[in-house]
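Engineer: I would like to see how this sequence folds:
(2 chains)
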Amino acid sequence: MTAPQVQSLTCPGCGAPLTVRSMGRAVTIVCGHCHSILDAKDPQLRILQRFEAATGDETPLIPLGTRGKWRGAAYEAIGFQRREIEVDGLTYSWREYLLFSPYKGFRYFTEYNGHWNDASVVTALPELQDGSPKYLGKKYKHFQTSLAKTTFVLGEFPWVIKVDDDIAVADYVSPPYVLSSETVGEETTWTLGEYVQGPEIWRAFGLPGIAPAPVGVYENQPSGLRVSAAQTWFTFLGLFTAFFLIFTFQQMFAQREEVFREAYRYSQSGAEASFVTPDFNLKGRTTSVEVHTDADVSNQWIYLNYALINEDTGQAYDFAREVSYYTGVDSDGAWHEGSQHDDVTLPSIPPGRYYLRIEPESDPNLGLISYTVAVTRDVPVLGLYLAALALLLLPALFISWRAHNFEQMRWAESDHPMKSIRVGSDE
Amino acid sequence: MTQPAALCPNCGAPILFRWSSSVQTTCPHCQSILIRTDVNLERVGVVSDLPPDSSPIQIGTSGVYENHTFTVAGRIIYDYADGSWNEWHIVLNTGASAWLSDAQSQYAVTLAVEAEPLPALASVHLGDRFTWNKIALAVTAITTARYRGVEGELPFEYWDKHEATFVDLRSAGGDFATLDYGDAEPVLYLGKAVEFEALRLKNLRAFEGWS
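Structural biologist: Just a heads-up that it's a prediction; the model follows:
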């Protein structure tokens, strides 16, 4: 790009040369040497105000006169101001850079703690509904209302700007956008800002060094989560419904066919420690198989080592169950623990001829224990669904937690901090 | 669209009309303000030097508004407290005359419309709401401006004015309107606020150092 075209004038306050870049659009020019604010509309450049500031008190990160290409057009930085608000006795200040294109006019970059916004005056009029504006179909939430004043200014502006004048500013957010109103007297100007990454500006304007890293969460900063908590819960709900339907379907159509039932007795004196049952047939398709054990234990236990064995392939499914039941009376009254019944479900067993190998164990001093073993094929398996649902719940909970945390940090700086306990944010 | 040439009664330069209904034009050579009568051109004055101007638009710039192409034929320049703005007189390919305003690069296109009743200036305040042609608008600015100069073709005689008050209105949908209180009877101009890109302007002014 060729050198910026400038018009040369002299400051009436100190005689320093002034640079005018906005081609007759400037209303206010500020002398960078003596900090006189000059009336650009006056051929004599009447001094409107002079403000106190040490030279170098504030160095714009985008030096005036810097050009870059932004959103498809060439822009030049022509004005800079530092503004501040006071909230609960604390002063917060931010910086605004005025950019000019002879074709597209003005836009601003604002910077607070490394957070940047690209802002322009809106063309349509935001509609206020219950105090919240709606702009081009999007609703914005009130973030903060305050009195902003300029504390430092450089360059030129297409409006009258004065140091220390109060301007009522209200911000409404819908990340990554912020809609701001500035009211002077009866006249309100609305601007729309979009959150942008510092490095994008550094690249576009060829700025030296690297963009300062943003600190904290800014009012219209997007959370960075690629999905919203609502989307995650929507997906969860969809999968939950699908699971529920499949489960219901299984419940309705599960055959619950008992293929084996036999009663046994256990005594320590019995000769063989383990035995096998007669064959039974698992027909049809691969299904779940439930092994049910009933034992007449009373202040006793029995431990059963099971193996479900396919007679043809020799494939064995080993599992062990303990059935124990205790009752008694203590100072709190009657109590009981355990159960005389036990169910276990093997999730997917192919069809074929099977038998059980059973190896019971117990305390030899407990005496005789009668027990019944039953095998039922094709039973609905609730546990698997519960496990799957729990897994589905994890991302939804995690994203909700992250989103909640982020929103809490965002709103902590607003007029409407969230009331719940702060989680994970340290300030 | 260019009409057969007439000659400037002051300097004899050929005067071309871009729009057959133009009532007034300026001579590009001697800056005379010329009024078109039934038979010839009458010189009524001369344009004072125009202020240094930063609008990228110029006479002969063409563009598109709501699917109609247009050409810029003339302009009126106004001064107000915070600067100046241009009302560019544009001629649509429908033959209609309209205005493209460039106020600090905030662009809007409006057409004069018949609407009744229009409020008296004294009764208009910022924020007041009006509905014309079923468009609900709110007053966003009341500006008293000084006539600063003219250039090119205009649909009416406009050369000895001094001051006029304009009331700007906007809608939630991007509609834009101006009430012009420059004459005894107010005139309503209704249209849209437009983005620079959307106008697809061609034959723009070149700015030295800006490409």
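
Engineer: Which residues are in contact with the nearest residue to residue A:161 once chain neighbours are set aside?
Structural biologist: The shortest distance from residue A:161 to any non-neighbouring residue, by CB to CB, 6 or more residues apart in numbering or on different chains, is to residue A:28 (4.8 Å). Bear in mind the C-beta positions are built from the backbone N, C-alpha and C, glycine included. Contacts of residue A:28 were listed using CB atoms under 8 Å, 6 or more residues apart in numbering or on different chains, and they are A:37, A:38, A:39, A:40, A:48, A:156, A:157, A:159, A:160, A:161.

Engineer: and residue A:28, what pLDDT?
Structural biologist: With respect to pLDDT, residue A:28 scores 89.

Engineer: what's the neighbour count on residue A:155?
Structural biologist: By other CB atoms under 10 Å in any protein chain shown, the residues close to residue A:155 number 26.

Engineer: what residues are up against the residue of chain A found nearest chain B?
Structural biologist: Closest residue of chain A to chain B, CB to the nearest CB: residue A:105 (2.2 Å). For residue A:105, the contact set (CB under 8 Å, 6+ apart) comprises B:104, B:105, B:106, B:196.

Engineer: for it, which residues make a bridge with it?
Structural biologist: Counting by DSSP bridges, residue A:105 forms beta bridges with residue A:101.

Engineer: Regarding residue A:394, which helix or strand does it belong to?
Structural biologist: Using DSSP states H and E, residue A:394 sits in helix A:382-412.

Engineer: near chain B, which residues of chain A show up?
Structural biologist: A:1-5, A:22-25, A:27, A:41, A:72, A:74, A:101-106, A:121, A:123-127, A:134-135, A:158-160, A:186-188 (CB under 8 Å from any CB of the partner chain).

Engineer: Tell me the buried residues within those residues.
Structural biologist: Buried subset of the residues of chain A next to chain B (neighbour count, 16 or more other CB atoms under 10 Å in any protein chain shown): A:4, A:22-25, A:27, A:41, A:74, A:101-106, A:121, A:123-126, A:134-135, A:158, A:160, A:188.

Engineer: what ranges do the helices span in chain A?
Structural biologist: A:198-204, A:229-253, A:382-412 (DSSP state H).

Engineer: Not counting the second one itself, show me its contacts.
Structural biologist: To tie it back to what came earlier, the one meant is helix A:229-253. A:380-382, A:385, A:388-389, A:392-393, A:395-396, A:399-400, A:403-404.

Engineer: Can you say which of those residues are buried?
Structural biologist: Buried residues within the contacts of helix A:229-253, defined by neighbour count using 16+ other CB under 10 Å: A:380, A:381, A:385, A:392, A:396, A:399, A:400, A:403.

Engineer: want to try JSON lines for these, with pLDDT as columns?
Structural biologist: Shown next, in JSON lines, are the buried ones among the contacts of helix A:229-253 (pLDDT from 0 to 100):
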{"residue": "A:380", "pLDDT": "81"}
{"residue": "A:381", "pLDDT": "78"}
{"residue": "A:385", "pLDDT": "79"}
{"residue": "A:392", "pLDDT": "84"}
{"residue": "A:396", "pLDDT": "86"}
{"residue": "A:399", "pLDDT": "87"}
{"residue": "A:400", "pLDDT": "88"}
{"residue": "A:403", "pLDDT": "87"}
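
Engineer: Which single residue of chain B ends up nearest chain A?
Structural biologist: Counting by CB to the nearest CB, chain B gets nearest to chain A through residue B:105 (2.2 Å).

Engineer: returning to what we had before: distance check, the residue nearest to residue A:161 against residue B:113.
Structural biologist: When distance is defined by CB to CB, to the nearest Å, residue A:28 is 37 Å away from residue B:113.

Engineer: Compute the inter-axis angle for the longest strand along chain A and helix A:382-412.
Structural biologist: Scanning chain A for the strand with the most residues, using DSSP state E, yields strand A:141-157. Interaxial angle, strand A:141-157 versus helix A:382-412 (axes from the mean of the first three to the mean of the last three CA atoms, to 10 degrees): 40 degrees.

Engineer: in its sheet, what does strand A:141-157 sit against?
Structural biologist: strand A:28-30 (antiparallel), strand A:73-87 (antiparallel), strand A:166-174 (antiparallel).

Engineer: Flag every residue of chain B that's near chain A.
Structural biologist: Close to chain A, as judged by CB under 8 Å from any CB, chain B has residues B:51-54, B:56, B:82-84, B:104-106, B:125-127, B:137-138, B:140-141, B:170-176, B:193-197, B:204, B:207-211.

Engineer: Distance of residue A:61 relative to residue A:155?
Structural biologist: Taken as CB to CB, the spacing of residue A:61 relative to residue A:155 amounts to 14 Å.

Engineer: Likewise for residue A:293?
Structural biologist: On the measure of CB to CB, residue A:293 and residue A:155 end up 86 Å apart.

Engineer: Of all residues in chain B, which one is nearest the centre?
Structural biologist: Of all residues in chain B, the one closest to the mean position by CA atoms, centre = their mean is residue B:87, 3.2 Å from it.

Engineer: What's the local residue count around residue A:376?
Structural biologist: By other CB under 10 Å, the residues close to residue A:376 number 21.

Engineer: domain ranges for chain A?
Structural biologist: A:7-204, A:255-379 (automatic domain parsing).

Engineer: which stretch among these comes nearest residue B:187?
Structural biologist: Nearest to residue B:187 among those is domain A:7-204; the distance by CB to CB comes to 21.8 Å.

Engineer: Residue ranges in chain B under the pLDDT threshold?
Structural biologist: Within chain B, the segments meeting pLDDT under 70 span B:1-5, B:51-52, B:211.

Engineer: Given the lengthiest strand in it, what are its sheet partners and their directions?
Structural biologist: Longest strand of chain B, by residue count under DSSP E: strand B:135-152. Strand B:135-152 has the following sheet partners, assigned by DSSP bridges: strand B:68-80 (antiparallel), strand B:129-132 (antiparallel), strand B:163-170 (antiparallel).

Engineer: could the ones you listed go into CSV alongside distance to residue A:284 and mean neighbour count?
Structural biologist: Output for the strands paired with strand B:135-152, formatted as CSV (distance: least, CB to CB, whole Å; neighbours: other CB atoms under 10 Å in any protein chain shown):
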stretch, distance to residue A:284, mean neighbour count
strand B:68-80, 74, 21
strand B:129-132, 74, 14
strand B:163-170, 73, 20
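
Engineer: out of those strands, nearest to residue B:121?
Structural biologist: strand B:163-170 (5.9 Å).

Engineer: got a list of contacts for the next helix or strand after the closest one?
Structural biologist: On the C-terminal side of strand B:163-170, the nearest following helix or strand under DSSP H and E is strand B:175-180. Residues outside strand B:175-180 that contact it (CB under 8 Å, 6+ apart) are A:123-124, B:101, B:108-110, B:118-119, B:121, B:124, B:132, B:135, B:137, B:164, B:166-170, B:186-193.

Engineer: Any stretches of chain A with poor pLDDT?
Structural biologist: In chain A, residues with pLDDT under 70: A:1-8, A:54-56, A:269-272, A:420-427.

Engineer: Make sure residue B:98 is indeed in a helix.
Structural biologist: No - counting by DSSP: H, G, I helix; E, B strand; the rest coil, residue B:98 is not part of a helix but strand.
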